[in-house]
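> build me a structure from this.
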Amino acid sequence: MTSPSITEVITFVHEFTGVHPHRLITAETRLEADLGVTGDDGDDLLRATIERFRVDLASPEKGIAQTLQLGPNEYLFGPEGIDLLGISVLVRWLKGEPRPAYRDLTVGELHEAIRRAPSLVSRG
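Residues are numbered from 1 along each chain as shown. The predicted structure follows:
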């Protein structure tokens, strides 16, 4: 399978998110801030990306952090809902864990990750 074009990835994102077909999505469109893809929906988007484009975004050799070029303690798709009581902050503080950093993946970054990821087709 050849690498998808940015237009094909934009079409996929339109279909997945269900945003109005006339809403402009570009390579710079942010999945979370602009399209509301967060938490479990973000995980579902990555799974659907793997199925649609037959690529391994989380290969054992590279892992998703390397494929999506995430830094240390950097994650995609913030948690859903609001932690009104601050329990998660308290637990992290008690454990001495750093505050997680969330990167808002753009459609263009998703396209580049698909292009870099190993193909599942060649694995059989």
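> give me the helices and strands touching the longest helix along the chain, please.
Counting residues, the longest helix found in the chain (DSSP state H) is helix 39-53. Applying 3 or more CB pairs under 8 Å, 6 or more residues apart in numbering; DSSP states H and E, we find helix 39-53 packed against helix 6-17, helix 107-116. For every residue, glycine as well, the C-beta is placed using N, CA and C.
> tell me the average confidence for the strand or helix carrying Ile64?
Per DSSP states H and E, Ile64 falls inside helix 63-67. Taken as a whole, helix 63-67 has an average pLDDT of 81.
> what is the least confident helix or strand in the chain?
Counting by mean pLDDT, DSSP states H and E, the chain has its least confident helix or strand at helix 87-95, which shows a mean of 68.
> may I see the buried residues of the next helix-or-strand element following that one?
Going down the chain from helix 87-95, the next helix or strand is strand 101-103, by DSSP H and E. Neighbour-count burial for strand 101-103 flags 102-103 (criterion: 16 or more other CB atoms under 10 Å).
> start the count at 354 instead of 1 going forward.
Noted, 354 is the first residue going forward, which turns the last one into strand 454-456.
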